[in-house]
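Q: Below is the sequence, then the predicted model.
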Amino acid sequence: MMAGSPASLSGQDVGSFAYLTIKDRIPQILTKAIDTLHRHKNEFFEKHGEKGTEAEKKAISLLSKLRNELQTDKPIIPFVEKFVDTDIWNQYLEYQQSLINENDGKPRWFYSPWLFVECYMYRRIHEAIIQSPPIDDFDVFKESKEQNFFESQESLIALCTHLQELRTTIEDLDENQLKDEFFKLLQISLWGNKCDLSLSGGETSSQRTNIINSVEELKPFILVNDMEHLWSLLNNCKKTREKASVTRVDVVLDNSGFELVTDLVLADFLLCSQLATEIHFYGKTIPWFVSDTTVHDFNWLIEQMKGSNHKWMSKCGADWENSIKMGRWVYHDHIFWTLPHEFCVMSQVAPDLYAELQKAHLILFKGDLNYRKLTGDRKWACTIPFRQALRGFHPAPLCSVRTLKAEVQVGLQPGQAEQLAASEPNWMTTGKYGIFQFDGPL
Ligand SMILES: O=P(O)(O)OC[C@H]1O[C@](O)(CO)[C@@H](O)[C@@H]1O
Ligand SMILES: [Mn+2]
């Protein structure tokens with residue numbers, strides 16, 4: 001821990017959201033993963049014969065073992081299977097061990113930082129799968145992600161239709177109208193973050209109502225609203241940039257399905273409004289926090305949309321595929337996003353990624369987990385400045401776009417948290433509230 005930063009959120013605090021997640025939500029997610037493997041038994045057999053059946057059994061027994069370790073608060077054990085990040089993970093385990101002063105103290109599920117153990121759990125799921133060839137490329141969360149996409153169809157069609165209409169009139173919009181549209185699509189992308197699947201223990205959490213109509217009603221639930229800063233920054237880039245030069249917006253993606261479409265709609269708008277000229281996306285290398293986007297999810301979703309029999313949805317899919325082909329959209333993978341580290345150490349742990357992010361004019365960090373990593377998932381007072389919680393992480397001007405699902409929030413006005421807590425004790429963890437929290441140029 002760096003001097004001056006508060007303790008990490010942890011399962012030690014009985015009754016806290018961290019505690020309840022480790023006690024209830026994580027075992028539930030593991031049970032669901034086991035069940036998913038079970039249900040694919042025949043598929044594995046058809047594909048790989050007896051070897052497939054054996055692999056399914058092995059993966060299930062590894063996951064059951066993991067669930068047992070967790071539920072009996074066993075020590076956190078090192079990774080054994082060789083993978084690109086195994087050494088970094090095991091070093092981090094040692095680092096966590098070194099933070100424990102007691103003799104022979106070992107990191108344990110309910111004792112160690114929540115961010116660490118929760119990331120560890122998802123990495124262990126991945127280990128169980130890669131230890132079970134030939135089903136070692138199976139994504140236990142894929143079905144849920146696809147289901148989320150299909151269940152949100154109606155709302156997604158409305159969104160695609162809105163985007164396509166907007167594209168035909170965009171030339172005629174004056175600056176204020178353009179700004180209104182920008183704000184609308186930003187808010188849709190914010191509320192899209194309600195739909196993650198780890199909060200609901202992997203149960204469906206899709207968007208069934210037309211989100212565009214809800215934006216106005218939801219405004220009072222935005223606790224920190226720095227949208228104006230984002231507008232000034234990008235509009236200024238647009239006005240001052242030379243002909244052939246670049247305005248680059250980077251989006252650190254969160255969930256696939258509904259949320260991903262809201263992000264891609266925003267990205268599309270940024271280009272056609274010329275607020276940006278290039279968009280870079282970052283996804284996860286392995287299945288993560290149930291609903292997070294991997295490259296497979298990203299490609300799958302665009303492919304699905306392209307093949308849709310709805311005219312405007314299919315147009316979006318085709319346009320987006322083209323944006324990728326033309327290099328206006330760039331997708332990046334990096335193992336750092338599925339490590340347990342706080343972002344303030346990114347420049348040391350993943351200097352190449354930090355350097356990549358430095359090329360952006362603006363970075364949007366989608367979702368709650370990114371916010372936890374931005375702030376270190378620590379017990380900050382709600383009123384400390386965002387920049388202080390970032391502890392030196394500043395590759396470029398950045399903004400967190402997140403609905404609140406964890407007990408960490410900084411940069412609030414004095415009294416704001418108290419007022420919320422008085423009427424709603426769970427205001428930090430239900431996803432009902434959201435923020436656009438910006439950290440501008442240094
Ligand atoms: O998809 P998001 O917005 O990052 O949310 C993932 C969230 O899942 C939870 O860990 C619940 O387990 C949240 O508290 C967490 O931060
Ligand atoms: Mn997520």
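A: Ah, there it is. Residues are numbered from 1 along each chain as shown. Ligands and ions are numbered 1, 2, ... in the order given.
Q: State the pLDDT value of Gly49.
A: Gly49 is assigned 98 on the pLDDT scale.
Q: For burial, what's the neighbour tally of it?
A: By the criterion of other CB atoms under 10 Å, Gly49 has 11 neighbours. (C-beta placed from N, C-alpha, C; glycine too.)
Q: how near is it to ligand 1?
A: As defined by CB to the nearest ligand atom, to the nearest Å, Gly49 lies at a distance of 37 Å from ligand 1.
Q: Would you list the phi and psi of that residue?
A: Backbone geometry at Gly49, expressed as degrees, to the nearest 10, gives phi 70, psi -150.
Q: got a list of what Glu46 touches?
A: The neighbourhood of Glu46, defined by CB atoms under 8 Å, 6 or more residues apart in numbering, consists of Gly52.
Q: Distance from the host helix or strand of it to the middle of the chain?
A: Here Glu46 is covered by helix 41-48, with elements defined by DSSP states H and E. The chain centre lies 32 Å from the centre of helix 41-48; the measure is CA atoms, centre = their mean, to the nearest Å.
Q: and if you look at stretch 128-138?
A: Its chain's average C-alpha position is 24 Å from that of stretch 128-138, according to CA atoms, centre = their mean.
Q: Please enumerate residues in contact with it?
A: Taking contacts as CB under 8 Å, 6+ apart, the residues outside stretch 128-138 that touch it are 37, 40, 44, 47-48, 51-52, 55-56, 58-59, 62-63, 66, 80-81, 83, 140.
Q: Setting aside sequence neighbours, what's the nearest residue to the spatially most central residue of the chain?
A: With distances taken as CA atoms, centre = their mean, Asp254 lies nearest the centre of the chain, 2.5 Å away. In this structure, Asp254 finds its nearest non-sequential neighbour in Gly367, 3.0 Å apart by CB to CB, 6 or more residues apart in numbering.
Q: How about the contacts made by that neighbour?
A: For Gly367, the contacting residues are Asn193, Asp196, Asp254, Asn255, Glu259, Val401, Arg402, Thr403, taking CB under 8 Å, 6+ apart as the criterion.
Q: what do you get if the cut-off is 10 Å, keeping everything else the same?
A: Gly367 is in contact with 190, 192-193, 196, 252-255, 259, 263, 289, 291-292, 400-403, 405, counting by CB atoms under 10 Å, 6 or more residues apart in numbering.
Q: for Thr72, same thing?
A: Contacts here follow CB under 10 Å, 6+ apart; on that basis Thr72 touches Arg108, Trp109.
Q: cool, Pro385 as well?
A: Pro385 is in contact with Val410, Gly411, Asp439, counting by CB under 10 Å, 6+ apart.
Q: repeat that with 6 Å
A: Contacts were defined as CB atoms under 6 Å, 6 or more residues apart in numbering; by that measure Pro385 touches no other residue.
Q: What values do phi and psi take at it?
A: Pro385 has phi and psi values of phi -60, psi 150 when expressed as degrees, to the nearest 10.
Q: Then Pro75?
A: Taking degrees, to the nearest 10, you get phi -60, psi 150 for the backbone angles of Pro75.
Q: The nearest residue to it once chain neighbours are set aside and Leu93: what is the separation?
A: Distance criterion CB to CB, 6+ apart; nearest residue to Pro75, sequence neighbours excluded, is Lys106 at 3.7 Å. Relative to Leu93, Lys106 is positioned 10 Å away (criterion: CB to CB, to the nearest Å).
Q: do Ala417 as well
A: From Ala417 over to Leu93 (counting by CB to CB), the distance is 34 Å.
Q: next one: Arg391
A: With the distance defined as CB to CB, Arg391 ends up 22 Å from Leu93.
Q: So which of the two has more stuff around it?
A: Using other CB under 10 Å, the more surrounded residue of Arg391 and Leu93 is Leu93, with 21 against 18.
Q: all strands of this structure, in order?
A: Secondary structure of the chain (DSSP state E): strands at 222-225, 248-252, 278-283, 329-333, 362-366, 398-403, 434-439.
Q: Need those in JSON lines (columns: mean neighbour count, distance to Ser132 and mean pLDDT).
A: Supplementary listing: these in JSON lines, determined by neighbours: other CB atoms under 10 Å; distance: least, CB to CB, whole Å; pLDDT from 0 to 100:
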{"stretch": "strand 222-225", "mean neighbour count": "18", "distance to Ser132": "44", "mean pLDDT": "98"}
{"stretch": "strand 248-252", "mean neighbour count": "23", "distance to Ser132": "30", "mean pLDDT": "99"}
{"stretch": "strand 278-283", "mean neighbour count": "22", "distance to Ser132": "24", "mean pLDDT": "98"}
{"stretch": "strand 329-333", "mean neighbour count": "17", "distance to Ser132": "23", "mean pLDDT": "97"}
{"stretch": "strand 362-366", "mean neighbour count": "24", "distance to Ser132": "31", "mean pLDDT": "99"}
{"stretch": "strand 398-403", "mean neighbour count": "26", "distance to Ser132": "34", "mean pLDDT": "98"}
{"stretch": "strand 434-439", "mean neighbour count": "23", "distance to Ser132": "39", "mean pLDDT": "98"}
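Q: quick one, the lowest-mean-pLDDT helix or strand in the chain and strand 434-439 angle?
A: The helix or strand with the lowest mean pLDDT-type score in the chain, counting by mean pLDDT, DSSP states H and E, is helix 211-218 (a mean of 89). Comparing the axes of helix 211-218 and strand 434-439 via axes from the mean of the first three to the mean of the last three CA atoms, to 10 degrees yields an angle of 80 degrees.
Q: Show me what counts as buried in the longest helix along the chain.
A: Scanning the chain for the helix with the most residues, using DSSP state H, yields helix 50-71. Buried residues in helix 50-71, defined by neighbour count with 16 or more other CB atoms under 10 Å: 52, 54-56, 58-60, 62-63, 66-67, 69-70.
Q: Let's have these in JSON lines, adding pLDDT and distance to ligand 2.
A: Below are the buried residues of helix 50-71 laid out as JSON lines (pLDDT from 0 to 100; distance: CB to the ion, whole Å):
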{"residue": "Gly52", "pLDDT": "98", "distance to ligand 2": "30"}
{"residue": "Glu54", "pLDDT": "98", "distance to ligand 2": "32"}
{"residue": "Ala55", "pLDDT": "98", "distance to ligand 2": "27"}
{"residue": "Glu56", "pLDDT": "98", "distance to ligand 2": "26"}
{"residue": "Lys58", "pLDDT": "98", "distance to ligand 2": "28"}
{"residue": "Ala59", "pLDDT": "98", "distance to ligand 2": "23"}
{"residue": "Ile60", "pLDDT": "98", "distance to ligand 2": "25"}
{"residue": "Leu62", "pLDDT": "98", "distance to ligand 2": "23"}
{"residue": "Leu63", "pLDDT": "98", "distance to ligand 2": "20"}
{"residue": "Leu66", "pLDDT": "98", "distance to ligand 2": "20"}
{"residue": "Arg67", "pLDDT": "97", "distance to ligand 2": "21"}
{"residue": "Glu69", "pLDDT": "96", "distance to ligand 2": "24"}
{"residue": "Leu70", "pLDDT": "95", "distance to ligand 2": "20"}
